[in-house]
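*Asks:* predicted model and sequence below, questions to follow.
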Amino acid sequence: MANLHDVKRRIQAYLSAMALTYGVESTKEFFAITSPIDTQLRDALMHSVQFLGQINMQHVDQIAGQVVVTGTPGIYTGRSSTGRFNRELGNSGNTYELNEMDSGSYLPYKTLVAWANAGSDQEFINRIQAFSNKSFALDILRIGFNGLRADPDTDPVANPLGEDVAPGWHKIVEDRSPIQIVKDPITLDRSAPPTSGGNYVSLDAIVTDIKMNLIIESERENPDLVALIGADLIGADATSLMNRIDRPTEKVAAQLINREVGGLKAYSPPYFKPGCVTVTSLWNLHHYVQQGTEMRKAEWVDDRKRFENNYLRMAGYAVEYDELYGSFDNITAVA
């Protein structure tokens, strides 16, 4: 059975490997993350949570500036009587602003003892690394979908979804292009016929309406468009449909889990807003970290009997094109 000595020995092995990777003598004080290690860290975070690897994560030079263009919508084929036909890949006109973000995770002694008893030294190190990466990665999504503002001092108890850490994607579009976010009450009810009062009989109908009315006309058939749907709505819609099937089969159940919604690939990302359906492209959602601002620190703290891991940087969110982001924000599902 592992004891405190065993845990500290394994922690030290992890810290020594971390110091070697980052090219520093000690990890007990904040140290700068330099290239190409910063890119490796970004890739590790992206791989720790599957959905995160599909959005646009980049390093930028400035704290504030023009959104980095990666997918200018529109046509690139035509003719010109005066020469060659070309279309400029310019900026979207949208801007971003970064804020200080200090991510800190810790593992208590009892958890570390359990991990030490569960496998080899390398498995212990892998568990610590995976826990830290996943904690930091999930926070990127948590704040991205729920962030409202950047308060000088954050309160995780009052704002458990990071509402006070930074404005996320939804808030950015809402402030800049409020017409893209519909806040009127909407009911999802398979038993009620559609009416002018905002009732929809299915998620397919909701997604189609968003696409046809909130997404710019020229991009409504863009194959990159996806539907982001709150887990509560997916669960309620599936339950409602199953309740109306006399003899549900395994085939029907499988279709409920893996089907497209409104002709678009559907996702229910971690920490996505409940009661919300958004149509956008994943490359339209940006997360930026300012080059040269990333710092790490990791140590065993005897007084608190825990391992602490910190990641400090200037970071923030951006949306490339508001006209490729449409959302119904206030949906209630009737079982």
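*Replies:* That came through, no problem. Fair warning: this is a prediction, and the values are worked out from it, not measured in the lab.

*Asks:* number of nearby residues for the nearest residue to Ile216 once chain neighbours are set aside?
*Replies:* Counting by C-beta to C-beta, 6 or more residues apart in numbering, the nearest residue to Ile216 once its immediate chain neighbours are dropped is Glu323, at 4.0 Å. Quick note: C-beta positions are derived from backbone N, CA and C, even for glycine. Other residues lying near Glu323 total 18 when counted by other C-beta atoms under 10 Å.

*Asks:* what are the phi and psi angles of Glu323?
*Replies:* Dihedral pair for Glu323: phi -70, psi -10, per degrees, to the nearest 10.

*Asks:* for the remainder of this discussion, apply numbering that starts at 308.
*Replies:* That works, and once the first residue is 308, the last one we named lands at Glu630.

*Asks:* in the protein, where's the longest strand?
*Replies:* Looking across the chain with DSSP state E, the single longest strand is strand 613-626.

*Asks:* list the contacts for Thr402?
*Replies:* Taking C-beta atoms under 8 Å, 6 or more residues apart in numbering as the contact definition, Thr402 lies against Ala371, Gly372, Gln373, Val374, Ala625.

*Asks:* just to revisit the earlier point, what pairs with the next helix or strand after the longest strand of the chain, parallel or antiparallel?
*Replies:* Scanning forward in sequence from strand 613-626 by DSSP states H and E, the next helix or strand is strand 633-635. Counting by DSSP bridges, the strands paired with strand 633-635 are strand 488-489 (parallel), strand 584-588 (antiparallel).

*Asks:* for the record, mean pLDDT for the helix or strand following strand 633-635?
*Replies:* Of the helices and strands lying after strand 633-635 in sequence (DSSP H and E), the nearest is strand 638-641. If you average the pLDDT over strand 638-641, you get 90.

*Asks:* contacts for strand 638-641, please.
*Replies:* 492-499, 513, 537, 539-540, 543-544, 547, 582-584.

*Asks:* that older thread, which of the contacts of Thr402 tops the neighbour count?
*Replies:* Looking at the contacts of Thr402 with neighbours defined as other C-beta under 10 Å, the largest count falls to Ala625 at 25 neighbours.

*Asks:* distance of that one from Pro485?
*Replies:* According to C-beta to C-beta, to the nearest Å, Ala625 stands 18 Å off from Pro485.

*Asks:* and Phe614, how far from Ser412?
*Replies:* For Phe614, the distance to Ser412 equals 9 Å [C-beta to C-beta].

*Asks:* an error on my part: the question was meant for Leu592.
*Replies:* From Leu592 to Ser412 the distance is 24 Å (C-beta to C-beta).

*Asks:* okay, these two: which has more neighbours?
*Replies:* The neighbour comparison of Leu592 against Ser412 (other C-beta under 10 Å) goes to Leu592, with 26 against 18.

*Asks:* look up the closest residue to that one, ignoring the ones flanking it.
*Replies:* Ile362 (4.5 Å).

*Asks:* ok, that neighbour touching Leu589?
*Replies:* Yes: counting by C-beta atoms under 8 Å, Ile362 touches Leu589, with 5.3 Å between them.

*Asks:* any idea how far Ser588 is from the one residue sitting closest to the centre of the chain?
*Replies:* Nearest to the mean C-alpha position of the chain, counting by C-alpha atoms, centre = their mean, stands Leu448 at 2.8 Å. Note on Leu448: its distance to Ser588, by C-beta to C-beta, is 16 Å.

*Asks:* coming back round to it: can you confirm the residue nearest to the centre of the chain is in a helix?
*Replies:* Yes: assessed by DSSP: H, G, I helix; E, B strand; the rest coil, Leu448 belongs to a helix.
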